[in-house]
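Trainee: sequence unavailable; structure follows:
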């Protein structure tokens, strides 16, 4: 009795491409997985982070480790924990992330240890050795990150860090502090790539920090972007610490780690709201969102997940603007914010004031669907970073918004039945539109979009009223086409 069930022993064969340099025996005792490996020594070349691995002594095995606290050994014969670096116990007690060897040697051998150290420091609340901080900024380490580490391995470390407990923001803040953010996210882009912001294009040099073009001001572009990114991530971390992981706003089916990771990455990339990456492909310039590109090409992030982060970043500022407009309407005495159900239908072309606000919010929510609540939380959190007294990025238009302002927008969206607008059935589907109006091709999409805008403005209107509105749209469309062809 009292003996925990165990599993059979399996063997994981060597696979250097996946950091498996020696065969590993693995089994379970109860629910706990156990790996068994030989003690080993490692020798690194100047061109790869994959070492030549040999059998080693306990001392050699301890000093090849990334951190002293990961170099503690339990001796099953003597029933004691052995510290061959003579620093492991001390650093564990002081909660310090320190390398067994000189930090520069450790990082040049395997530059991925920079990200691993930031991940461990955030996970376990460790202070990083100042000598490590200094070594992490060394040009040789940055060179090694470019030449020795694959995009996929960057992505794996970032996903692990941002999905777990502790202070995952420490990794993102560390990338900014060490000036390696561009290497991680943009080094895969070549010299034919440009960042385009509000019509201005600049050649992107992937070996330089991500800082061009300016976000809110022409002065100190790198400082402004870094400042905003750092503050946004720190504010998001503070927010996440106030809620349990299970209560983090996310999408249906999300794990808590996925929801947390999405919010942190969106906060990190907020300075790239509205910025496009322009690539010269076969003499044609093609543009796509910088946020999406940095994630997919920089760290091989899954396309769907990258699109969600991008949608969060882009919609965050739109929600901020709509919140600001709604606040201004609230201050107008006698203004009706929730129209009566029997109100006369409004044409999208004639919408102004509160109806136009409703239309814009409805179209945005229909576009991003369940992401709107996380995006609104992002806007709440980031607002404090944008307007901080000592922030270099506090030049957004309009006075600061309060948490109560964002709460009111969320409540108002529910009051006017926009909170799940994308689930509202169409009064006329595409097949009916084709049958009734004899349209084809792009004309179908034009009428479908016109109908959706009209339904957002007139949620209680009838199918017949919608049909009459679309007849007018078709009539105006053919009149304009005739005028263009005349």
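Mentor: Ah, there it is. Bear in mind that the values here come from a model prediction, so they are computed numbers and not experimental data.
Trainee: what about residue 471, distance to residue 130?
Mentor: 73 Å (Cβ to Cβ, to the nearest Å). Where you see a C-beta, it was placed from the backbone N, CA and C, and this is true even at glycine.
Trainee: er, residue 466 actually
Mentor: 67 Å.
Trainee: more neighbours: which of these two?
Mentor: residue 466 (19 against 11; other Cβ atoms under 10 Å).
Trainee: that one touches residue 426, doesn't it?
Mentor: No: here residue 466 lies out of contact with residue 426, judged by Cβ atoms under 8 Å, at a distance of 9.0 Å.
Trainee: overlap in contacts, these two.
Mentor: Common contacts of residue 466 and residue 426 (Cβ atoms under 8 Å, 6 or more residues apart in numbering): 451, 455.
Trainee: now do the strands in this structure.
Mentor: 10-12, 24-29, 32-36, 40-43, 52-55, 72-75, 80-83, 96-97, 127-128, 193-197, 200-203, 275-281, 284-289 (DSSP state E).
Trainee: mean confidence (pLDDT) on the second one, please.
Mentor: Yep, that's strand 24-29 we're talking about. Strand 24-29 carries an average pLDDT of 81.
Trainee: could you do the fifth one as well?
Mentor: Taken as a whole, strand 52-55 has an average pLDDT of 75.
Trainee: any idea how far residue 234 is from residue 475?
Mentor: 56 Å.
Trainee: neighbour count winner among these two?
Mentor: For residue 475 versus residue 234, the count of surrounding residues by other Cβ under 10 Å is larger for residue 234: 18 against 10.
Trainee: quick one: contacts for the more buried one?
Mentor: Counted by Cβ under 8 Å, 6+ apart, residue 234 has contacts 169, 173, 385.
Trainee: how about residues contacting stretch 425-441?
Mentor: 443-444, 447-448, 451-452, 455, 462-463, 466-467, 470, 474.
Trainee: repeat the analysis, applying 6 Å as the threshold.
Mentor: For stretch 425-441, contacts defined as Cβ atoms under 6 Å, 6 or more residues apart in numbering pick out 444, 447, 463, 466, 474.
Trainee: neighbours of the first one, how many?
Mentor: Residues near residue 444, counting by other Cβ under 10 Å, number 15.
Trainee: residue 269 versus the nearest residue to residue 275 once chain neighbours are set aside, what's the distance?
Mentor: In space, and not counting its chain neighbours, residue 275 is closest to residue 290: 4.2 Å by Cβ to Cβ, 6 or more residues apart in numbering. Using Cβ to Cβ, residue 290 is found at 8 Å from residue 269.
Trainee: now swap in residue 158 and tell me
Mentor: In terms of Cβ to Cβ, residue 158 sits 12 Å off from residue 269.
Trainee: now residue 303
Mentor: In terms of Cβ to Cβ, residue 303 sits 16 Å off from residue 269.
Trainee: ok, now residue 441?
Mentor: 36 Å.
Trainee: so for those two, which sits in the more crowded spot?
Mentor: residue 269 (26 against 7).
Trainee: residues touching the closest residue to the more buried one other than its chain neighbours, list them.
Mentor: Of all residues not flanking residue 269 in the chain, residue 291 sits nearest, at 4.6 Å (Cβ to Cβ, 6+ apart). With contacts defined as Cβ under 6 Å, 6+ apart, residue 291 is in contact with 269, 272, 310, 313.
Trainee: per-residue pLDDT, residue 291?
Mentor: 93.
Trainee: next: the one 4 residues further on.
Mentor: Residue 295 is assigned 95 on the pLDDT scale.
Trainee: on that earlier part again, was I right about the residue nearest to residue 275 contacting residue 273?
Mentor: No: between residue 290 and residue 273 there is no contact under Cβ atoms under 6 Å: 9.2 Å.
Trainee: more neighbours, those two?
Mentor: Between residue 290 and residue 273, residue 290 has the larger neighbour count (other Cβ under 10 Å), namely 28 against 21.
Trainee: ok, that one - contacts?
Mentor: Here residue 290 is in contact with 272, 275, 277 (Cβ under 6 Å, 6+ apart).
Trainee: any idea how far residue 459 lies from residue 424?
Mentor: 7 Å.
Trainee: over to residue 87?
Mentor: From residue 87 to residue 424 the distance is 63 Å (Cβ to Cβ).
Trainee: who's more crowded, the two?
Mentor: residue 87 (19 against 15).
Trainee: give me the nearest residue to that one, chain neighbours excluded.
Mentor: Nearest to residue 87 is residue 68, by Cβ to Cβ, 6+ apart, at 4.3 Å.
Trainee: just checking, that neighbour touches residue 91?
Mentor: Yes: in this structure, residue 68 is within contact of residue 91 by Cβ under 6 Å, at 4.8 Å.
Trainee: anything in contact with each of these two?
Mentor: residue 98.
Trainee: compare these two and say which is more crowded by neighbours.
Mentor: residue 68 (26 against 22).
Trainee: how about stretch 421-440: buried residues?
Mentor: Neighbour counts over stretch 421-440 (16 or more other Cβ atoms under 10 Å) mark 421, 427-428, 433, 437, 439 as buried.
Trainee: pLDDT on that stretch, on average?
Mentor: Stretch 421-440 comes out at a mean pLDDT of 89.
Trainee: stretch 104-111 too?
Mentor: Mean predicted confidence for stretch 104-111 is 93.
Trainee: mind listing residues that contact that stretch?
Mentor: Taking Cβ under 6 Å, 6+ apart as the rule, stretch 104-111 contacts 44, 49, 99, 113-114, 135, 138, 140-141, 144-145, 148-149.
Trainee: make JSON lines out of those residues and add distance to residue 252 and neighbour count.
Mentor: Below are the contacts of stretch 104-111 laid out as JSON lines (distance: Cβ to Cβ, whole Å; neighbours: other Cβ atoms under 10 Å):
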{"residue": "44", "distance to residue 252": "46", "neighbour count": "17"}
{"residue": "49", "distance to residue 252": "39", "neighbour count": "20"}
{"residue": "99", "distance to residue 252": "43", "neighbour count": "24"}
{"residue": "113", "distance to residue 252": "37", "neighbour count": "25"}
{"residue": "114", "distance to residue 252": "36", "neighbour count": "28"}
{"residue": "135", "distance to residue 252": "44", "neighbour count": "21"}
{"residue": "138", "distance to residue 252": "45", "neighbour count": "15"}
{"residue": "140", "distance to residue 252": "46", "neighbour count": "13"}
{"residue": "141", "distance to residue 252": "41", "neighbour count": "21"}
{"residue": "144", "distance to residue 252": "41", "neighbour count": "25"}
{"residue": "145", "distance to residue 252": "37", "neighbour count": "22"}
{"residue": "148", "distance to residue 252": "40", "neighbour count": "20"}
{"residue": "149", "distance to residue 252": "35", "neighbour count": "22"}
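Trainee: in helices, which of those fall?
Mentor: Using DSSP state H, the members of these that fall within helices are 113-114, 135, 140-141, 144-145, 148.
Trainee: which two in those are spaced the farthest apart?
Mentor: The most widely separated members of the ones in helices among the contacts of stretch 104-111 are 135 and 148, with 15.4 Å between them, by Cβ to Cβ.
Trainee: mind listing what's buried in stretch 78-97?
Mentor: For stretch 78-97, a neighbour-count test (16+ other Cβ under 10 Å) marks 83-85, 87-88, 91-92, 96-97 as buried.
Trainee: what of stretch 175-189?
Mentor: So stretch 175-189, judged by 16+ other Cβ under 10 Å, has buried residues 175-189.
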